[in-house]
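Colleague: Mind folding the following:
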Amino acid sequence: MNPVFLTPVNVFADNASWPEPRWYQAPLSRQLSMTEREKAVAASRLRFSRYQAFSTVLAAAAVNLLTPYFKAQPRGILALAGSTGLDVSWAMLERITSGKPDLINPIMFPATLDSGCPSAIAALFDAHAFALSLNANRDAFVHALYVARLMLFNGDASEIILVSALDGGPTLTRACNEADRAQPASSGIAFLVEASLPQRTCIRLTWSGAPSDAGRAPHADLPDSAIRLKSNDWISVEMVDAIKFLAVLRTNPTVHIRPSGYARELIVAETVIVPASDNTHRDDESGECGAHST
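Modeller: A predicted model of the protein is given here:
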């Protein structure tokens, strides 16, 4: 099976290069103050950014870090959890139930849809191949990797932007507190997915039909959402999302992922280091990013 290559960026890093220390040491998610949120919205390149879900603002800021690497069209967008930011929907609901329909701005409506995040990003970054929003269940990130591979090798796009953004702001925090859960954090992670090895440090993904170690149990006997670390131990995780994926790769250059919904295939993720002298990215190419304010 042909591999695909991921170039990851993190909205909380101060440049797009990976795994240089500034990216490597940056948190993958954290809680943001209202001032930080307001600054990020003000600095966003999104059209009508004040009416967008804040998760979309974070997603766009992350994708902006990938722009020095763009080289091929057609380009497609896959978005995860784009509608997790409930702020826009909540604001519209409050205005509707208040009996003041004149306070409802029609510009807000697209941001309440699942397709709002990928559509806004596609318009901003000239991604004309497709703009798809995938579900946010426990296997959504791994499912997105499968979809990206399928789209690339079917010729639907030459490169794909896979973005995962989560708004842990006041609305979601209030909902989580009501359910007696921990307060969520905000995150914005994006990957450029390509079919050929780029001239920069990246993550190579290959798909394997069975564990490579002799004597290991077949897939059906492995726990759901399992990850094998460099110690060769399998660990069960609640879900393999973008944050868990990158966090594990920070300390394990090669990991095996067994998602719960895809029992027939394992994903092998391997960090591919490109020497600095061969890396075509320069810090001054990263451009401005609204997330710097966060």
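Colleague: right, and residue 50 touches residue 38 too?
Modeller: No: contact criterion C-beta atoms under 8 Å: residue 50 and residue 38 do not qualify, at 9.4 Å. In this view, the C-beta of every residue, glycine as well, is placed from N, C-alpha and C.
Colleague: Contacts only, for the closest residue to residue 265 other than its chain neighbours.
Modeller: With C-beta to C-beta, 6 or more residues apart in numbering as the criterion, residue 265 has its nearest non-adjacent residue at 4.9 Å, and that residue is residue 207. Residues near residue 207 by C-beta atoms under 8 Å, 6 or more residues apart in numbering: 1, 149, 265, 266, 267, 268.
Colleague: Break down the protein into its helices, ranges please.
Modeller: Secondary structure of the chain by DSSP state H: the helices cover 21-24, 34-43, 54-64, 87-97, 116-124, 140-153, 170-178, 242-251.
Colleague: Quick one: mean pLDDT over the shortest one.
Modeller: Taken as a whole, helix 21-24 has a mean pLDDT of 53.
Colleague: And for the fourth one?
Modeller: Per-residue pLDDT values across helix 87-97 average out to 75.
Colleague: Show me which positions of that helix end up buried.
Modeller: Residues of helix 87-97 classed as buried: 87, 88, 89, 90, 91, 92, 95 (neighbour count, 16 or more other C-beta atoms under 10 Å).
Colleague: Narrow the contacts of residue 207 to just the buried residues.
Modeller: For those, a burial check counting by 16+ other C-beta under 10 Å picks out 149, 265, 266, 267, 268.
Colleague: just curious, which of those is nearest to residue 71?
Modeller: Using C-beta to C-beta, residue 149 comes nearest to residue 71 of the buried ones among the contacts of residue 207, at 19.1 Å.
Colleague: Just give the closest residue to the closest one, not the sequence neighbours.
Modeller: Once flanking residues are discounted, residue 149 sits nearest to residue 4: 5.2 Å by C-beta to C-beta, 6+ apart.
Colleague: And for the one you found, the neighbour number?
Modeller: 23 (other C-beta atoms under 10 Å).
Colleague: and if you look at the one 3 residues further on?
Modeller: Other residues near residue 7 number 22, with proximity taken as other C-beta under 10 Å.
Colleague: what's the answer for residue 162, then?
Modeller: Residue 162 has 24 neighbouring residues, counting by other C-beta under 10 Å.
Colleague: Report the beta-bridge partner residues of it.
Modeller: Residue 162 forms beta bridges with residue 78, residue 191, as assigned by DSSP bridges.
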